[in-house]
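[1] All I have is the shape, not the residue letters:
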């Protein structure tokens, strides 16, 4: 059995989760400081990929980065990189699709943190940076971890946008999700079942991890408010 | 008195209308025909649907265009379809009990007896994005360094099977796979879109797709005898509730008006006895 689809899926999901982690926290932290009307507008745009069909995301991506577009042809001429039909094309797709999960969870966690803590720290003369790294982040750890796990799971299972920007090149761009579809279309049920089982296994592990973090988070919150 | 006249008048009107409706009903009951057709027939059938509006205004044609393999699966899964037009004999054979057990191993019986015929033939071509500078001019070039990525239909898509035939005939199929040079699309229109957007260096489609496609150039026709003939069998399906309307439409497809649409797009219409 060729394990490439699994390796590729995990590789893509890990990288996009790392990106999403940084972008999501940055956006979630930044948005709390915006005036209310801007907040609503940004929040809508940032959450949009969660409700949009992935095919719409894929379509927009293709119209932005494929070799005949301005951006796509610029990158191709300047660096010789084709942004579509490569394994890393999937990172663009999964990052956009899974981003709202991290962003929303992080925002929720930040909002739950009592604003008095921040105010209190400020009266002690602590810098904004110190407050963010040493007070906000550690106290929101459980929520942020849950966001990471959710984003990773979503990125690992993304199919629609990914298949549109990467195609299906066995050994190069195939992911578990696109492989299952292809095997089903080719009538290779035996192999499709194997991949389905593997995917089920991974998804269960992820969900169990989720629950563990939630329990931990609940305990931490209970401890801190008492 | 005025009231009475008005009532009588309106009654007469209503009766008159009813009479008209009753007369028109038998010949023009509104009918919906669901046609499952190979993705490569999208343009042709869309044009023909316009023509058919004047021939049979009471018939609404509803199309489902996808790869013939996907359509076959949908029919097997119980999709409600009146007509199936496949881009390969294999997909039709596997639904047709009269094809025999060797071609229809699951002995599936979806095709209405005596309605199947070969509607069209098509030509397999190699296309490149418009303005391509790779110098790809033949199917042989695909195995060379000129091509780093080619889009083909998967083994479930007829044009994918024809492409596999061609590259096997040229002796490079295994090498193309080993070099990981192929991206497999799920129907011919996906292959076309990938070439149009220059996401791949070239792709294998039908001449009929190339004629209507934008942003692509045809560089080669498949070598003679390198693949099975590209036939488009059509048939009425057993589950139909509109057998006569479905048969009428298939007859219309064989007429001169449709032949012109088909040949303009690049299909060939076989000689009919």
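    Arrived safely, thanks for sending. The model shown is predicted, which means the values in this text are computed figures rather than measured ones.
[2] Now for whichever residue of chain B sits closest to chain A: which residues touch it?
    At 3.4 Å from chain A, residue B:183 is the closest residue in chain B, using Cβ to the nearest Cβ. Every residue, glycine included, has its C-beta placed from N, CA and C. Counting by Cβ atoms under 8 Å, 6 or more residues apart in numbering or on different chains, residue B:183 touches A:85, A:167-169, A:173, B:149-152, B:194, B:200.
[3] Columns pLDDT, neighbour count and secondary structure on top of those, output as a markdown table?
    Compiled in a markdown table, the contacts of residue B:183 are given as follows (pLDDT from 0 to 100; neighbours: other Cβ atoms under 10 Å in any protein chain shown; DSSP: H, G, I helix; E, B strand; the rest coil):
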| residue | pLDDT | neighbour count | secondary structure |
| --- | --- | --- | --- |
| A:85 | 90 | 24 | coil |
| A:167 | 91 | 26 | coil |
| A:168 | 93 | 24 | coil |
| A:169 | 91 | 21 | coil |
| A:173 | 93 | 27 | coil |
| B:149 | 95 | 22 | coil |
| B:150 | 97 | 25 | strand |
| B:151 | 96 | 29 | strand |
| B:152 | 96 | 29 | strand |
| B:194 | 93 | 26 | helix |
| B:200 | 95 | 29 | coil |
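[4] neighbours of the residue lying closest to residue B:147 once chain neighbours are set aside, just the number please.
    Excluding its sequence neighbours, the residue lying closest to residue B:147 (Cβ to Cβ, 6 or more residues apart in numbering or on different chains) is residue B:201, at 4.7 Å. Neighbourhood size, residue B:201 [other Cβ atoms under 10 Å in any protein chain shown]: 20.
[5] Does residue B:201 touch residue B:132 like I think?
    Yes - counting by Cβ atoms under 8 Å, residue B:201 does reach residue B:132; the two are 7.1 Å apart.
[6] Contacts only, for the spatially closest residue to residue A:195 that is not a sequence neighbour.
    If the residues on either side of it in the chain are set aside, residue A:195 comes closest to residue A:180, at 5.0 Å by Cβ to Cβ, 6+ apart. Residue A:180 makes contact with A:192, A:195-196, A:199, according to Cβ under 8 Å, 6+ apart.
[7] does residue A:180 sit in a helix, a strand or a coil?
    helix (DSSP: H, G, I helix; E, B strand; the rest coil).
[8] distance of it from chain B?
    13 Å (Cβ to the nearest Cβ, to the nearest Å).
[9] List phi and psi for residue 66.
    No chain was given, so I picked chain A. Dihedral angles of residue A:66 (phi, psi; degrees, to the nearest 10) stand at phi -70, psi 160.
[10] wrong chain, I was asking about chain B
    The phi/psi pair for residue B:66 (degrees, to the nearest 10) is phi -160, psi -180.
[11] That one bridge partners, please.
    residue B:38 (DSSP bridges).
[12] so what's it scoring on pLDDT?
    pLDDT for residue B:66: 91.
[13] the helices in the stretch 1-150 of chain B, which residues?
    B:2-28, B:42-55, B:68-76, B:89-93 (DSSP state H, counting those that start in this stretch).
[14] I misspoke; the intended subject was chain A.
    Ranges of helices in chain A, per DSSP state H, are A:4-31, A:36-51, A:54-65, A:70-79, A:89-112, A:115-123, A:128-130, A:137-139, A:141-157, A:160-166, A:176-185, A:189-225.
[15] how much does the first one deviate in direction from helix A:141-157?
    If I follow you right, that is helix A:4-31. 140 degrees (axes from the mean of the first three to the mean of the last three Cα atoms, to 10 degrees).
[16] quick one: helix A:4-31 to helix A:36-51, angle?
    Using the same axes, to 10 degrees: helix A:4-31 against helix A:36-51 is 170 degrees.
[17] before we move on, the earlier item: identify the residue spatially nearest to the residue of chain B closest to chain A, adjacent ones excluded.
    residue A:167 (3.4 Å).
[18] these two touch, right, that neighbour and residue B:185?
    Yes - Residue A:167 is in contact with residue B:185 according to Cβ under 8 Å; the separation is 7.0 Å.
[19] which residues are in contact with both of the two?
    B:151, B:194.
[20] Show me the shaky parts of chain A.
    For chain A, the stretches flagged by pLDDT under 70 are A:217-226.
[21] Which single residue of it ends up nearest chain B?
    residue A:167 (3.4 Å).
[22] how much space between that residue and residue A:182?
    Relative to residue A:182, residue A:167 is positioned 11 Å away (Cβ to Cβ, to the nearest Å).
[23] Report the set of residues contacting both of those two.
    With Cβ under 8 Å, 6+ apart, residue A:167 and residue A:182 have common neighbours residue B:184.
[24] can you list contacts of stretch B:72-85?
    Against stretch B:72-85 from outside (Cβ under 8 Å, 6+ apart): B:33-38, B:41, B:45, B:64, B:66, B:71, B:86, B:91-92, B:94-95, B:108, B:110-111, B:119, B:232-237, B:239-242, B:245-246, B:249-250.
[25] Appreciated, that's everything.
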